[in-house]
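Undergrad: have a look at this prediction, sequence included:
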Amino acid sequence: MAISLEPLSQDTSEVILPWRNAPAVRGQMYTQHEITPAEHRSWFERTQTDPTKQWYLCRDESGQAVGVVYFTDIDTDHRTGFWGFYASPEAPRGLGKPMEYSALEMAFSELGLHKLNCEILATNKAVINLHKKCGFNEEGRFRGQFRDGEKRIDVIRLGMLAEEWPQNRDRLRERIAQLDALTKPPPPPHTQIVILSDEESWINDYIPDLAEEWDAQGRAVRLAHDVRQAGEGDLCFCLGLGQIVPRAVRQRFQHVLVVHESDLPRGRGWSPLTWQILDGADHIAVTLIEAEDDVDNGPIYAQRWIAFEGHELIDELRAAQAEATHALCRAFVDDYPDSAIQGREQIGEATYYPRRLPADSELDPERSLTEQFNQLRVADNRRYPVFFEFDGHRYALRIERKLGETSE
């Protein structure tokens with residue numbers, strides 16, 4: 001999908017006021033009150049004489065107005081600026097990446113900026129994730145910067161350099177083309193899908209890719225982080241979810257599906273991939289099952305195996321896990337309802353992994369790094385870093401691999 005940008009005019013500025021006042025839009029802005037027509041007209045007049053601001057109306061391939069892209073704080077001496085965007089509430093889903101692509105082309109090719117920045121409320125995780133997928137780097141967190149009523153919210157600063165745009169542009173163009181290709185075959189049967197995940201789960205960085213593909217196919221997709229908000233539908237996927245889905249909730253769906261990283265029935269329970277890496281495993285099964293009353297006990301629909309070489313750290317482990325998870329979920333939906341009759345019962349003796357505790361991230365300073373390297377591999381530097389105690393003090397360690405550098 002191609003998005004064109006045209007400078008905002010007096011006439012089109014009136015079109016965007018209802019969009020800007022939509023609760024979903026103004027709830028993510030620094031100025032969150034409902035803007036009056038008089039305020040809006042005054043604002044537009046100021047923008048016409050302010051060279052540090054540029055506003056554009058977004059149109060889709062049919063010429064329909066679908067959103068707004070804007071640049072602020074443009075510094076022509078340092079060639080820097082900030083940007084933002086929002087879509088019309090009536091616009092179809094899936095416009096985020098095409099709008100961002102057009103905005104970045106404008107920033108670096110037309111406006112000639114050296115660096116483009118943006119600031120997002122930390123609660124707006126979907127947009128933060130979108131920007132990162134498009135190539136922005138998180139550069140800072142302003143703690144308690146914004147006051148929303150009685151609540152303080154962090155502000156996330158992201159940035160991209162002009163020299164980074166060509167590579168990001170090619171990757172983003174390829175992704176948009178992939179999504180466009182999904183819309184060309186005849187529309188699939190309308191399927192209502194809910195994806196449940198814990199609010200702080202790492203897999204939330206990957207779920208939007210899966211959701212936008214189903215959106216592009218014309219399926220109805222909704223994301224939620226609490227089983228009480230699951231609603232109802234045809235399929236419910238539980239990805240990175242530590243909550244139990246009660247029978248009463250499961251009965252609202254044709255199928256409630258769980259992705260578990262072990263060769264079930266071996267390895268039921270908590271953090272199966274982590275425990276297997278710690279045990280020295282290098283081939284790990286990722287299994288799609290039906291949710292039942294007994295955790296991880298449901299019939300198996302499909303499996304994929306992922307192989308590791310022994311050097312991968314947590315981000316690479318998670319990326320491989322996410323890729324296998326997406327493949328299983330996509331295949332089940334693509335073949336549904338036929339895929340739902342392929343289930344087989346779990347066979348063999350069940351084993352169980354316990355919940356990981358902070359103490360499980362403790363290193364022994366008397367042992368070598370080689371002996372404890374797998375423990376370093378599964379460490380999350382931000383959420384649960386490895387640590388050791390020495391001479392009455394506790395020390396946390398951070399691990400990262402220098403890309404392109406080897407010991408040879």
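TA: Happy to help now that I have it.

Undergrad: got a list of what the nearest residue to Leu278 once chain neighbours are set aside touches?
TA: Once flanking residues are discounted, Leu278 sits nearest to Asn374: 5.2 Å by CB to CB, 6 or more residues apart in numbering. (C-beta placed from N, C-alpha, C; glycine too.) Going by CB atoms under 8 Å, 6 or more residues apart in numbering, Asn374 touches 277-278, 280.

Undergrad: take those residues and write them to TSV, including neighbour count and secondary structure.
TA: TSV is the format used below for the contacts of Asn374 (neighbours: other CB atoms under 10 Å; DSSP: H, G, I helix; E, B strand; the rest coil):
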residue	neighbour count	secondary structure
Ile277	21	helix
Leu278	17	helix
Gly280	8	coil
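
Undergrad: turn the residues you listed into JSON lines, columns for distance to Gln178.
TA: Shown next, in JSON lines, are the contacts of Asn374 (distance: CB to CB, whole Å):
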{"residue": "Ile277", "distance to Gln178": "31"}
{"residue": "Leu278", "distance to Gln178": "36"}
{"residue": "Gly280", "distance to Gln178": "36"}
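
Undergrad: Leu116: which of those residues is nearest?
TA: Minimum distance to Leu116 across the contacts of Asn374 is 38.0 Å, recorded for Ile277 (CB to CB).

Undergrad: about what we covered before: and the residue nearest to Leu278, how far is that from His311?
TA: Between Asn374 and His311 the computed distance is 11 Å (CB to CB, to the nearest Å).

Undergrad: next one: Trp83
TA: 38 Å.

Undergrad: neighbour count: those two, which is higher?
TA: Legend: neighbour count by other CB atoms under 10 Å for Trp83 and His311, higher for Trp83 (24 against 10).

Undergrad: just give the nearest non-adjacent residue to the more buried one, would you?
TA: Trp83 sits nearest to Phe71 (CB to CB, 6+ apart), 4.9 Å away.

Undergrad: kindly report the same for Asn381.
TA: Nearest one to Asn381, counting by CB to CB, 6+ apart, is Arg398 at 4.7 Å.

Undergrad: show me where the stretch 1-150 of the chain has helices.
TA: All helices of the stretch 1-150 of the chain, identified by DSSP state H, counting those that start in this stretch, fall at 10-21, 23-26, 37-48, 96-105, 125-133.

Undergrad: comparing those, which comes out most buried?
TA: helix 96-105 (a mean of 21; mean count of other CB atoms under 10 Å).

Undergrad: residues in contact with that helix?
TA: So helix 96-105 is contacted by 1-5, 58, 66-67, 69, 83, 85, 87, 116, 127, 130-131, 133-134, 160, 165, 168-169, 172-173, 175-176, 179, 212 (CB under 8 Å, 6+ apart).

Undergrad: ok, now with 6 Å
TA: 1, 3, 5, 58, 67, 69, 83, 85, 130, 134, 172, 176 (CB atoms under 6 Å, 6 or more residues apart in numbering).

Undergrad: right, and the fourth one touches Val66 too?
TA: Yes. With contact defined as CB atoms under 6 Å, Cys58 and Val66 form a contacting pair (5.4 Å).

Undergrad: when these two are compared, which one has more neighbours?
TA: Higher neighbour count among Cys58 and Val66: Cys58, with 25 against 21, using other CB under 10 Å.

Undergrad: and that one, what are its bridge partners?
TA: Leu5, Gly67 (DSSP bridges).

Undergrad: next one: phi and psi at Val227?
TA: Dihedral angles of Val227 (phi, psi; degrees, to the nearest 10) stand at phi -60, psi -20.
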